[in-house]
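Visitor: everything below, folded, please.
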Amino acid sequence: MNEVTTMTNVHVAGVGMTPFTKALDSSVPGLAADAVGQALQDSGLAADRVGMVFFGNAMGGTMTGQEMIRAKAGLGRTDFAALGTPMVAVENACASSSSAVHLASMAVASGQVDIALAVGAEKMTAPDKTLAFKGLASAVDLERVAELEEALYGGSPENAAGTDRSLFMDIYADMARRYTERSGATPEDFARVAVKAHRHGALNPHAQYRNLISVDEVLASRRVSDPLTLLMCSPIGDGAAAVVLCSDAVARDLEDTVRLRASVLVSGIRGPEVVEPASTRASRKAYEMAGIGPDDLDVVELHDAAAPAELIISEELGLCGSGEAPKMLADGETTLGGRLPINTSGGLLSKGHPVGATGCAQIVELTDQLRGRAGDRQVEGAQIGLAENGGGYLGDDPAAVVVTILSRD
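Guide: As a prediction, the model looks like this:
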C-alpha cells in the first residue's frame, strides 16, 4: 500500500470561472482565457510568475478535432502563449480538471515550482447535437464495450442509448436501480436531490439552470432511462474554471489563501468484484492525509452527474451510513442551513457539467465558501470543504476519482 504523506505547503491563491451555459458562439480558448484571467486577478499574481500550467479538457478531440496540443491551443489567448510557460494537457474524462489540480499541487508540493495553475475548459454544444453524446460514450474502454452493453442491456439491445442520450445516463440508471434494491430509495428521493440542487443553483450566478423545480415536476419530466427523468440528469453545457496554487513562501505575501490539505487521485479497479468503490478508497486516503474525518467537514461538492449519484457517493465518502443518505436528505441535513450542505453550487444538476471544467469549478465553489464570499448560498462558519470528482467508467468502478480537501487555515 502506498504511504500517505501530509500535504501542508500548498495553498489556493486565486480562483475564477465563467458562467456555465449553452453558447454556440463560444470557444475553448475564449472560455479558458476568461477563467484564467479571473483566477490570476483574484490571486494578485502575474502570469509570468506561474511556473507550470495543467490544462484539463476531455472532449476537444471529438468536438473540434483538437486531439493534440490541447493545452497550447486552449491557452492560446492567454499570456502563457507568449511567455513559453510549460503547459501539460490533462485528460481524465469528467475528472480531467480535478486531475489537473492534483498534478499542479504535486508540482508545488515537490518544490518544482512555487506557483502552478490548473484550468479546465470544455465546449460541448455544437450544431451537431450528437457529438457530445459520442464524446461521452468514449469514456469507457471501447475494446470492452460489448461487455458493458451486455451488462447494461442483456438481451434487449433495443434499450441501448442512441443519439438522443448519453450512454452514461444508462450507466447511472443501472446504478440507481441497484442502489434502490439495497437501500430502499425511491424515485421521489432522487427527485428531491434535483429539487435541492436547483434550490442551491438558483443562488449561484454561474449556474446554468437557476430555476426552482418541484418533486412533481422532476418526476413528470421526460423519461431518459428508467428510473431517471430528464431533470435528474446533468445538462450539456460550455464553461471553464481555473485555480492558482502556490507554496507557503508565496502565500505569506498574499492576503486570502486557502490551504490545500489533501489531493488524492485513484484509478478504478477492474475485476470480477469491486469490494471498495474508488470514492471510498480516495476519501479514506484524503482524510488521513488531511488529518480529519467526515465529521469535520462543513461543506461538500460531489459528482452528481445524475441525481442518485449524490446519495450513493455520500455513503461512499462516509458522510453517513449505508442506506442512510435518503433520510439525511429528507431531514434537510444536506441543504443550506443543514448539518452538512452538499453541492451548494447547484452541483452538476443545476450548475451544469462542461465535463473538463467540472473539477476546477468544484474547487472554485469550496474556495469561495471558505473565504466567506459565496453570497446567498454561504455556509456559515465554513472551515473545511471536500470535493469529489469522478470520471469514466470501467464496468464496476469509475475510471478515475479525485478527492480534494481544503481548509481555511
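Visitor: show me what the strand or helix carrying L260 is packed against.
Guide: Take DSSP states H and E as the rule and L260 turns out to sit in strand 258-267. Packing partners of strand 258-267 (3 or more Cβ pairs under 8 Å, 6 or more residues apart in numbering; DSSP states H and E): strand 10-17, helix 96-109, helix 278-290, helix 358-371, strand 400-407. All C-beta spots, glycine's among them, are computed from the backbone N, C-alpha and C.
Visitor: of all the ones you listed, which one is nearest G237?
Guide: helix 358-371 (10.0 Å; Cβ to Cβ).
Visitor: which elements pack onto that closest one?
Guide: strand 10-17, helix 96-109, strand 115-123, strand 238-247, strand 258-267, strand 299-301, strand 384-391, strand 400-407.
Visitor: between the helices and strands packed on strand 258-267, which gets nearest to M328?
Guide: Nearest of the helices and strands packed on strand 258-267 (Cβ to Cβ): helix 278-290, 16.4 Å.
Visitor: what does that closest one contact?
Guide: By Cβ atoms under 8 Å, 6 or more residues apart in numbering, the surrounding residues in contact with helix 278-290 are 4-7, 261-269, 293-294, 313, 316-318, 384, 386, 388, 390, 397-398, 400-405, 407.
Visitor: ok, of these, which come out buried?
Guide: 7, 261-269, 294, 313, 316-318, 384, 386, 388, 390, 397-398, 400-405, 407 (16 or more other Cβ atoms under 10 Å).
Visitor: before we move on, the earlier item: mind putting the helices and strands packed on strand 258-267 into a markdown table with distance to G30?
Guide: Formatted as a markdown table, the helices and strands packed on strand 258-267 follow (distance: least, Cβ to Cβ, whole Å):
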| stretch | distance to G30 |
| --- | --- |
| strand 10-17 | 14 |
| helix 96-109 | 17 |
| helix 278-290 | 33 |
| helix 358-371 | 16 |
| strand 400-407 | 26 |
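Visitor: circling back: pairing partners for the strand holding L260, with directions?
Guide: strand 10-17 (antiparallel), strand 400-407 (antiparallel) (DSSP bridges).
Visitor: in the stretch 201-350 of the chain, where is pLDDT below threshold?
Guide: Along the stretch 201-350 of the chain, segments meeting pLDDT under 70 span 272, 274.
Visitor: in it, what residue spans correspond to helices?
Guide: With DSSP state H, counting those that start in this stretch as the criterion, the stretch 201-350 of the chain has helices at 215-220, 248-251, 278-290, 307-316, 325-330, 347-350.
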